[in-house]
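In: below is the sequence, then the predicted model.
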Number of protein chains: 2
Amino acid sequence: MDVVVDQISLRRYNLSAVLRHLCGAGPRSRARIATDLGLNKATVSSLVAELGERGLVLAGDVERGQVGRPGQVVEVDGRVCGLGLQLGVDHVAAYVLDLRGEMVSSHHRRLDIQDLGPAGTLAMLAELIGSIVGGAAQDGRHIAGVGVGVPGLVESAAGSLRIGANLGWRDTRVVDELVTLLGNPEYPIHLDNDANLAAIAERATGCAVGAGNLIYLTGDVGIGGGVIVDGRVLRGADGFAGEVGHMTLAGDGRLCGCGRKGCWETVAGMPALLREIADPGSPIADPAMELQERLAEIRRRAELGDARTLRGLDAIGTGIGLGASVLVNIFNPQVLVLGGFFSVLGDLLMPAIQGQLSGQVVSESLSQCRVERSAFPFTAAARGGAHVVLESVLADPTRVPPGLARAGGSR
Amino acid sequence: MDVVVDQISLRRYNLSAVLRHLCGAGPRSRARIATDLGLNKATVSSLVAELGERGLVLAGDVERGQVGRPGQVVEVDGRVCGLGLQLGVDHVAAYVLDLRGEMVSSHHRRLDIQDLGPAGTLAMLAELIGSIVGGAAQDGRHIAGVGVGVPGLVESAAGSLRIGANLGWRDTRVVDELVTLLGNPEYPIHLDNDANLAAIAERATGCAVGAGNLIYLTGDVGIGGGVIVDGRVLRGADGFAGEVGHMTLAGDGRLCGCGRKGCWETVAGMPALLREIADPGSPIADPAMELQERLAEIRRRAELGDARTLRGLDAIGTGIGLGASVLVNIFNPQVLVLGGFFSVLGDLLMPAIQGQLSGQVVSESLSQCRVERSAFPFTAAARGGAHVVLESVLADPTRVPPGLARAGGSR
DNA sequence: CTTAGTTTGTTCAATCAACGGACAAAGATT
DNA sequence: AATCTTTGTCCGTTGATTGAACAAACTAAG
């Protein structure tokens, strides 16, 4: 029912405030934290002591000011980490990030989802998670949780992928399966839509740092959307919000993979681009071609001034901009982040996108929405998964048990 | 910077929890509140006492259970009220609602915005506010604040209407003007977009009670959108979110009042309906005709089975459904509320709307979005303005100064 | 080198909110 | 009349934040 507050949650909240402040604003003395946050120095001392016991902060350098006693800098401890994974149709990426915001390790594996099927893929995922967590422990690090991103309609609270069209999965209880395979690990596992996680990553350390309202677009076969509203992921009533790729924008449009007609992805996804710039059967449209190679080839043609390629990019950019203008009208975000191939080819697509936005957005004269190319075009979701874990620690530092205190840290 | 909690805000939060619980769940004994909220009986007694001193709750009947000592029921005091106003192109509506959720009074005035201009209109508004507040005080009631809804791009935090196309206003500092005209009243004045307020009203007491995610559409000359995400109004970076009427949905579309082409309102607004069902110059398309009369005439024709009218309603319903499906895909709301003429003609439009939605929404197979006709087709915004005020009292009961305690209540 | 001034961080008593237990009040049941 | 049940208050305890005092550590000026 209604959430009520007692003194324990008050303490928790202030622990969170101090830790979050250190993460966001950087290392500083206790006295500085106190004035920054409006807390009493004594309170901050007490809070910092508890955070230290939990292995979340440690003593840093001594900082001399102009006059007066130098301060003992408190800084975030890098031992507590989040593990994020991103499952794509042909690969899996994993990142370990620590609370300081630094990347501890990254892992990439190719795999054939079709071949492995859900069970085989999840077994492989579980094994990967297990080995990363084990390796981190040997390094004296503590994985506080795992965040997994998958493309499709995800019921995040239930840890279930309801419809994963691209993976060919349906009603897969990903979290339950992984928990079983890993033998009920002590760390929690969180499942989310890949675009949501990507948006979180861009906001945390990417090209949208500090933006409370942003939209991330995955440029892939389809177009996925991750929307952050006032700092929180837009989920909707059942967690299915953000299905921007299937907005009906072209009434006269062609058939979409979802069975409907005129979906946005049909005019701005990768197949649409290939249709524009190449005849069917031409080598560049060969499904077997590596994505990176295909994008490199498109860029080569564009830079040589190939008219059809340039026209095609302009058309796709206009298509992207058309849908983007709808979203910007609705959400009035600070930033629109282009992911996937939208980002890789971003410089070529940008003029058309910007043209659409400035022509179609109502509030354009009052406020401008920045359009940015993703800082991590194909790996943002994995990083976002790690950030979800780290955010849960920031929101409730008492989730990390005390005792990690003076474990030695570095090896 | 970061918000920090001390014991005062802890108290505030729990006062809020108790008051909100009473508003939402109805009158009940202290003991019942304690078990409902998980608070200690002693704590609840203390909280209730303070709420009583502030004139927010009062002692009700004695409630006998099966056995044991009867409980003293605590109920919400109706003396604290919110005043909401809604400014339309040709009228202003005002509602006073009390914390119990009951309507204390309503006021309607016709006015010619064009004729009065911003200054004259605001003077009239101020006078209306003053007289209502004065009248309420004589009734022993306390107006805790004023919420004003206007159509257009509103910067709510600044209390400014940036672009009010229908009113013909631009960069009007509504709140500042009213505060000056009213001589710095002690109650705060809040300005918001009318669709936002309407959404709040429907969620508070209308057809979307309890829905954390909903979309309100004003069916007017244009289409305004008010979106609630996880219980909070979607504002975006600058407060201009929700401009759904100017989504570009019809690429080949006709010119919109905003200067662009293919906006949603051009295919589903009132002018589009009139274009479909009547020739230019026909009496029903006469701008001088009263809206209510026009709607009645359309209904008459539809019920007589006039083919053109039925075709037109179907076309407009399809147009509404087209844009609605885009919104439902993006937001995954529990409820979509139709306001204005969408609501009045709702029964006639619904088949086409529902048809579009079931055909165009991706998650339709997993979760269904209810479509409802507004409970207050043309006055929801005024009610919503009052609810904003009441919500601010619920969020922080200490805003109401103590001393209203035993002032006598009834007149 | 000494002294004054500044800033940091800890200690300690005070304050305040919530809590648990005890208890009186008020009624139903036997 | 005795017992049981429930309500609401009282009171001492717990725990978190706070303000003031103070020692520590350093700079700047004389």
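Out: That came through, no problem.

In: now do the helices in the stretch 301-411 of chain A.
Out: According to DSSP state H, counting those that start in this stretch, the stretch 301-411 of chain A carries its helices in the segments A:307-331, A:340-344, A:346-360, A:380-395.

In: buried deepest among those, which one?
Out: Ranked by mean neighbour count under mean count of other Cβ atoms under 10 Å in any protein chain shown, those are led by helix A:380-395, which reaches a mean of 27. All C-beta spots, glycine's among them, are computed from the backbone N, C-alpha and C.

In: quick one: check it for contact with chain B.
Out: No. Helix A:380-395 stays clear of chain B (Cβ under 8 Å from any Cβ of the partner chain), getting no nearer than 11.0 Å.

In: where do the helices sit along chain A?
Out: Under the criterion DSSP state H, helices of chain A are mapped to A:7-25, A:30-37, A:41-53, A:113-138, A:174-181, A:194-204, A:265-268, A:270-277, A:291-303, A:307-331, A:340-344, A:346-360, A:380-395.

In: got those as a markdown table, with mean pLDDT and distance to B:Gly319 columns?
Out: Formatted as a markdown table, these follow (pLDDT from 0 to 100; distance: least, Cβ to Cβ, whole Å):
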| stretch | mean pLDDT | distance to B:Gly319 |
| --- | --- | --- |
| helix A:7-25 | 94 | 46 |
| helix A:30-37 | 96 | 52 |
| helix A:41-53 | 96 | 56 |
| helix A:113-138 | 96 | 40 |
| helix A:174-181 | 98 | 39 |
| helix A:194-204 | 97 | 29 |
| helix A:265-268 | 92 | 20 |
| helix A:270-277 | 93 | 25 |
| helix A:291-303 | 94 | 37 |
| helix A:307-331 | 96 | 15 |
| helix A:340-344 | 96 | 30 |
| helix A:346-360 | 94 | 18 |
| helix A:380-395 | 98 | 36 |
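
In: so can I have JSON lines of these showing distance to B:Val175?
Out: Formatted as JSON lines, the helices of chain A follow (distance: least, Cβ to Cβ, whole Å):
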{"stretch": "helix A:7-25", "distance to B:Val175": "31"}
{"stretch": "helix A:30-37", "distance to B:Val175": "31"}
{"stretch": "helix A:41-53", "distance to B:Val175": "37"}
{"stretch": "helix A:113-138", "distance to B:Val175": "54"}
{"stretch": "helix A:174-181", "distance to B:Val175": "48"}
{"stretch": "helix A:194-204", "distance to B:Val175": "31"}
{"stretch": "helix A:265-268", "distance to B:Val175": "41"}
{"stretch": "helix A:270-277", "distance to B:Val175": "47"}
{"stretch": "helix A:291-303", "distance to B:Val175": "51"}
{"stretch": "helix A:307-331", "distance to B:Val175": "25"}
{"stretch": "helix A:340-344", "distance to B:Val175": "41"}
{"stretch": "helix A:346-360", "distance to B:Val175": "30"}
{"stretch": "helix A:380-395", "distance to B:Val175": "34"}
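
In: OK, contacts around A:Gln334?
Out: Residues in contact with A:Gln334 (Cβ atoms under 8 Å, 6 or more residues apart in numbering or on different chains) are A:208, A:211-214, A:369-370, B:237.

In: also A:Ala25?
Out: Neighbour list for A:Ala25: A:Asp36 [criterion: Cβ under 8 Å, 6+ apart].

In: for A:Gly231, see how far away it is.
Out: From A:Ala25 across to A:Gly231, the span is 17 Å (Cβ to Cβ, to the nearest Å).

In: minimum distance to DNA strand C: which of the helices of the stretch 301-411 of chain A has it?
Out: helix A:380-395 (20.6 Å; Cβ to the nearest atom of the strand).

In: which helices and strands does that closest one pack with?
Out: In terms of contacts (3 or more Cβ pairs under 8 Å, 6 or more residues apart in numbering or on different chains; DSSP states H and E), helix A:380-395 is packed against helix A:7-25, strand A:80-87, strand A:91-98, strand A:142-150, strand A:189-193, helix A:194-204.

In: counting contacts, what elements does the fifth one pack onto?
Out: Spelled out, it's strand A:189-193. Applying 3+ Cβ pairs under 8 Å, 6+ apart, we find strand A:189-193 packed against strand A:142-150, strand A:153-155, helix A:174-181, helix A:380-395.

In: any idea how far stretch A:275-287 is from the chain center?
Out: Centroid displacement of stretch A:275-287 relative to its chain, using Cα atoms, centre = their mean, to the nearest Å, is 31 Å.

In: can I get it in CSV? Just the C-alpha atoms.
Out: Extracted C-alpha coordinates of stretch A:275-287, given in CSV (Å, rounded to 0.1, in the frame of the first residue of the first chain):
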residue,chain,number,x,y,z
ARG,A,275,16.3,-1.1,-50.9
GLU,A,276,17.1,2.5,-51.6
ILE,A,277,20.8,2.0,-52.4
ALA,A,278,21.0,-1.4,-54.1
ASP,A,279,19.1,-3.7,-56.3
PRO,A,280,17.9,-6.9,-54.8
GLY,A,281,20.5,-9.6,-55.2
SER,A,282,23.4,-7.1,-55.3
PRO,A,283,26.3,-8.1,-53.1
ILE,A,284,25.8,-5.3,-50.6
ALA,A,285,22.3,-6.6,-49.9
ASP,A,286,23.5,-10.2,-49.3
PRO,A,287,22.3,-11.2,-45.8
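
In: contacts for it, please.
Out: Applying Cβ under 8 Å, 6+ apart, the set of residues contacting stretch A:275-287 is A:274, A:289, A:294, A:297-298, A:301, A:308-309, A:311-313, A:315-316.

In: just those now: which is nearest chain B?
Out: Nearest to chain B out of the contacts of stretch A:275-287 is A:Ala315 (Cβ to the nearest Cβ; 12.7 Å).

In: out of the helices and strands packed on helix A:380-395, flag the one nearest DNA strand D.
Out: When the helices and strands packed on helix A:380-395 are compared for distance to DNA strand D using Cβ to the nearest atom of the strand, the nearest one is helix A:7-25, at 3.5 Å.

In: between helix A:194-204 and that closest one, find me the angle.
Out: Going by axes from the mean of the first three to the mean of the last three Cα atoms, to 10 degrees, helix A:7-25 is angled at 70 degrees with respect to helix A:194-204.

In: now helix A:7-25 - C-alpha only, PDB.
Out: Provided in PDB are the C-alpha atoms of helix A:7-25 (Å, rounded to 0.1, in the frame of the first residue of the first chain):
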ATOM      1  CA  GLN A   7      14.300   6.200  10.600                       C
ATOM      2  CA  ILE A   8      16.000   3.200   8.900                       C
ATOM      3  CA  SER A   9      14.900   4.400   5.500                       C
ATOM      4  CA  LEU A  10      15.900   7.900   6.400                       C
ATOM      5  CA  ARG A  11      19.400   6.600   7.100                       C
ATOM      6  CA  ARG A  12      19.300   4.600   3.900                       C
ATOM      7  CA  TYR A  13      18.200   7.700   1.900                       C
ATOM      8  CA  ASN A  14      21.100   9.800   3.300                       C
ATOM      9  CA  LEU A  15      23.600   7.100   2.700                       C
ATOM     10  CA  SER A  16      22.400   7.000  -0.900                       C
ATOM     11  CA  ALA A  17      22.600  10.800  -1.200                       C
ATOM     12  CA  VAL A  18      26.200  10.900  -0.100                       C
ATOM     13  CA  LEU A  19      27.300   8.000  -2.300                       C
ATOM     14  CA  ARG A  20      25.500   9.400  -5.300                       C
ATOM     15  CA  HIS A  21      27.000  12.800  -4.700                       C
ATOM     16  CA  LEU A  22      30.500  11.300  -4.600                       C
ATOM     17  CA  CYS A  23      29.800   9.400  -7.800                       C
ATOM     18  CA  GLY A  24      28.400  12.400  -9.600                       C
ATOM     19  CA  ALA A  25      30.600  15.200  -8.300                       C
END
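
In: the inter-axis angle of that helix versus helix A:30-37?
Out: 100 degrees.
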